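K.L.:
only geometry, no sequence info:
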Ligand code: CAA
């Protein structure tokens with residue numbers, strides 16, 4: 001069924017794979033982005049996926065974007081909160097700004113976007129929300145108190161909202177990716193990354209489409225009994 005899907009951070013990396021896969025499933029996809037205009041334009045030209053630039057950390061920008069989408073395309077039926085950043089440093093070197101940036105972008109964005117689409121989903125008695133967590137929110141990671149806290153927060157947020165959405169036909173699930181071959185992971189120092197890969201039983205980094213597959217699964221129209229779940233997709237690195 002053609003349903004309207006919004007994927008935040010949907011023009012690169014894991015988000016791009018999610019946008020493309022949902023489109024392949026017959027969804028009308030809008031992909032938001034914040035920084036990289038060239039990547040967004042390239043995706044739009046290649047696929048016809050609509051791209052929109054706004055900062056998911058800003059409630060006001062999210063509100064304006066959701067209003068625009070509603071006016072042009074109708075209510076959002078599938079929301080994938082994928083946008084995220086890292087500002088890695090041990091706590092001694094981490095600043096208050098690095099903490100706030102990651103919490104606002106990775107976790108605050110889930111509040112912003114879910115709040116703005118939830119009433120429409122309630123009225124429609126249908127909704128699919130997927131929040132992209134992380135293995136590092138489940139297990140922690142040296143140098144990531146900000147990121148691990150935000151991602152761990154996403155897992156709790158998901159379970160709470162799933163309870164609120166259930167009687168309205170709204171499912172809310174989290175996907176917890178492991179280390180996936182994207183720009184974000186390529187920024188990890190090579191020696192550190194080699195040690196991480198050595199601990200992945202499957203012996204490789206994830207592919208963005210490994211994660212998109214999970215998103216397609218939980219956003220299917222007939223996935224209506226799957227809610228409050230966290231699906232780990234990490235090559236066996238952390239069995240939780
Ligand atoms: N456990 C224990 N000790 C560790 C460690 C670990 N995992 N990693 C580093 N250390 C130790 C080092 O061995 C070193 O000790 P010595 O001086 O005694 O040798 C000390 O900590 C300092 O290490 P660094 O030189 O690396 O310190 P730094 O300040 O230059 O950098 C860091 C610290 C920024 C955390 C860097 O190690 C780093 O970037 N690590 C990778 C963090 C990571 O995995 N981020 C994930 C990004 S991808 C992502 O987040 C996506 C997702 O969802 C999976």
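P.N.:
Good, I have the coordinates. These numbers come from a predicted model, not from an experiment. Numbering: from 1, shown residues only.

K.L.:
Could you find the closest non-adjacent residue to the residue of the chain found nearest the ligand?
P.N.:
Of all residues in the chain, residue 143 sits closest to the ligand, at 2.1 Å by CB to the nearest ligand atom. In this view, the C-beta of every residue, glycine as well, is placed from N, C-alpha and C. With CB to CB, 6 or more residues apart in numbering as the criterion, residue 143 has its nearest non-adjacent residue at 4.6 Å, and that residue is residue 88.

K.L.:
can you point me to the longest helix in this structure?
P.N.:
For the chain, the helix with the greatest residue count under DSSP state H is helix 145-165.

K.L.:
close to the ligand, is that helix?
P.N.:
Yes. With CB under 6 Å from any ligand atom as the criterion, the ligand is reached by helix 145-165 at residue 147.

K.L.:
Next one: the residue nearest to residue 143 from residue 221, what distance?
P.N.:
38 Å (CB to CB, to the nearest Å).

K.L.:
before we move on, the earlier item: which secondary structure elements does the longest helix of the chain contact?
P.N.:
Secondary-structure packing of helix 145-165 (3 or more CB pairs under 8 Å, 6 or more residues apart in numbering; DSSP states H and E): helix 96-102, helix 109-124, strand 127-132, helix 135-139, strand 170-177.

K.L.:
quick revisit: contact partners for the residue of the chain closest to the ligand?
P.N.:
88-90 (CB atoms under 8 Å, 6 or more residues apart in numbering).

K.L.:
Just the pLDDT for the residue minimising distance to the centre of the chain.
P.N.:
Compute the mean C-alpha point of the chain, and by CA atoms, centre = their mean the closest residue is residue 82, 1.7 Å away. Looking at residue 82, its pLDDT is 98.
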